[in-house]
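J.: Next comes the sequence, and after it the predicted model I'd like to discuss.
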Amino acid sequence: MDAFDILTWPMVRDMAVLPVGVVMLCTLLGGAIAHRIKAAVAKGRFAEDSFVGALFRAMGNLPTMCGFLIGLNWGAHISGAAGFTMYIISCTLFTLLVWTAATFLQRVLCRMIELRVTMDGSPASTSLLLNLVAAMVYTIAIIIVLDAYGVSITPLLTALGVGGMAVALGLQETMSNIFAGLHIILTKQIRIGDHIRLEGGAEGQIIDITWRFARIHTVTNNVIIVPNNKLAASVITNYDMGAEGGTSVEDVAFTVTVGVAYDSDLEQVERVTLDVAREVLGRLDPSLDVSEGAPTAPAVRFHTFGDSSIIFNINLHTSSFRNQYLLRHEFIKALKKRYENEGIEIPFPIRTIRNERHEA
């Protein structure tokens, strides 16, 4: 008797065709649901800063995986699998289910952390915090799976504890950077997007805080790598933190120094300078109130009788620390052109040298 003579159509149908069809059908339905959710998210039907929006954005292709798992479970029961085969299928289903749930939870938690950090004034979260959250969630998932399979986790936790102490002793510098990075993030004295100046003089914008170092993007388009423990121990000037700490600064003041000739009409100089300042600020930083009497209005302050000119400061404001470089650049160009049109002289330094002869 041939082996194929034993297989009948009802047997093939119940053991292969129907189970495979059920798995494919459930997977396709899950994929369709995932596609509809992605389309709704793309159209903005769920607010990005809401908990519901975070849930739907965290789903991704998870409905497809859930459909596959449901189809696999349903197909296993249709095929009449039993014994060791059913045990393997059950273990696979449980493992995939726990992993899917962990993935969904990790995405939701990371999304909520990013939203919270954004609400506090930072444009993005840090890879260190997100990686730690992901590691914790997946570690818990692995422990749940091992416990369900009857693997005693107590010796494993003990071994991990002893091994962790040995690793911590051998990697003191690395652990110091990790905890320093956590301290920086949790205290919120330095946030992603803040413009800072280190005590050594280097300055730039924080673009990321990893498990080992912080990345600072300078105004010269370079990236400075600073270990977290060095950053936490440094004296830092944060130009994007308010006096109370934790409040974003929307007004940064800076000064431009100018000198005019002694025969200049200082009233005219002040009027022309303020006109140029208001025009440049209104063009490049329209969010500022530059009207007369406003806290962010430009101001002229004469302060020194110099060797060849009367020297004064123009106090300007901007809504971002990094804007000051472009504002200063455009203001100096516009001011020189306007002074030339108004006949206001910016004198060259003059030195008079006397040569006196003394007869014996």
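T.: Looks like it arrived, so ask away.

J.: isn't Trp99 right up against Ala141?
T.: Yes. Trp99 is within contact range of Ala141, at 6.2 Å (criterion: Cβ atoms under 8 Å). Every C-beta, even on glycine, is put in place using the N, C-alpha and C of the backbone.

J.: out of those two, which sits in the more crowded spot?
T.: More crowded of Trp99 and Ala141, by other Cβ atoms under 10 Å: Ala141, with 19 against 15.

J.: contacting residues for the more buried one?
T.: Neighbouring residues of Ala141 by Cβ atoms under 8 Å, 6 or more residues apart in numbering: Val98, Trp99, Ala101, Ala102.

J.: I only care about those residues that end up buried; give me the ChimeraX line for that.
T.: In ChimeraX syntax, the buried subset of the contacts of Ala141 is picked out as below (16 or more other Cβ atoms under 10 Å):
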select :98,102
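
J.: So which of the contacts of Ala141 are in strands?
T.: Judged by DSSP state E, strands contain none of the contacts of Ala141.

J.: which two of the contacts of Ala141 lie the greatest distance from each other?
T.: Between any two of those, the greatest separation by Cβ to Cβ is 7.4 Å, found for Trp99 and Ala101.

J.: The contacts of Ala141 into a markdown table, with extra columns for pLDDT and distance to Leu132?
T.: Shown next, in a markdown table, are those (pLDDT from 0 to 100; distance: Cβ to Cβ, whole Å):
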| residue | pLDDT | distance to Leu132 |
| --- | --- | --- |
| Val98 | 84 | 20 |
| Trp99 | 84 | 19 |
| Ala101 | 84 | 19 |
| Ala102 | 86 | 15 |
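
J.: And the contacts of Ala141, which is closest to Met24?
T.: Trp99 (21.4 Å).

J.: Can you give me the distance of that closest one to Thr139?
T.: Applying Cβ to Cβ, to the nearest Å, the value for Trp99 to Thr139 is 12 Å.

J.: overlap in contacts of those two?
T.: Counting by Cβ under 8 Å, 6+ apart, no residue touches both Trp99 and Thr139.

J.: could you dump the contacts of Ala141 to a markdown table with distance to Phe254?
T.: Shown next, in a markdown table, are the contacts of Ala141 (distance: Cβ to Cβ, whole Å):
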| residue | distance to Phe254 |
| --- | --- |
| Val98 | 56 |
| Trp99 | 53 |
| Ala101 | 52 |
| Ala102 | 49 |
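
J.: In helices, which of the contacts of Ala141 fall?
T.: Counting by DSSP state H, the contacts of Ala141 place Val98, Trp99, Ala101, Ala102 in helices.

J.: which one among those gets closest to Lys230?
T.: Of all those, the one with the least separation from Lys230 (Cβ to Cβ) is Ala102, at 34.7 Å.

J.: how many neighbours does the nearest residue to Val280 once chain neighbours are set aside have?
T.: What sits nearest to Val280 in space, not counting adjacent residues and going by Cβ to Cβ, 6 or more residues apart in numbering, is Phe331, at 4.8 Å. Look at Phe331: counted by other Cβ under 10 Å, it has 23 neighbours.

J.: how near is Phe331 to Phe348?
T.: Relative to Phe348, Phe331 is positioned 21 Å away (Cβ to Cβ).

J.: swap in His303?
T.: His303 sits at a distance of 21 Å from Phe348 (criterion: Cβ to Cβ).

J.: what's the answer for Arg57, then?
T.: 62 Å.

J.: Same question for Thr103.
T.: Using Cβ to Cβ, we find Thr103 at a distance of 70 Å from Phe348.

J.: Who has more neighbours out of those two?
T.: Between Thr103 and Phe348, counted using other Cβ under 10 Å, the more crowded position is Thr103 (20 against 8).

J.: quick one: the more buried one and Leu62 touch, right?
T.: Yes. Using Cβ under 8 Å, Thr103 makes contact with Leu62 at a distance of 6.7 Å.

J.: neighbours around Ile113, how many?
T.: Quick note: Ile113 (other Cβ under 10 Å) scores 17 neighbours.

J.: Check what pLDDT it gets.
T.: pLDDT, Ile113: 73.

J.: For it, give its distance to Ile185.
T.: To Ile185, Ile113 is 10 Å away according to Cβ to Cβ.

J.: try Gly193
T.: Going from Gly193 to Ile185 by Cβ to Cβ gives 13 Å.

J.: Give me the more crowded residue out of those two.
T.: Between Gly193 and Ile185, Ile185 has the larger neighbour count (other Cβ under 10 Å), namely 22 against 16.

J.: Quick check: Thr257 is in a strand.
T.: Yes. Counting by DSSP: H, G, I helix; E, B strand; the rest coil, Thr257 falls inside a strand.

J.: Spit out the contact partners of it.
T.: Listed by Cβ under 8 Å, 6+ apart, the contact partners of Thr257 are Ile311, Phe312, Asn313, Ile314.
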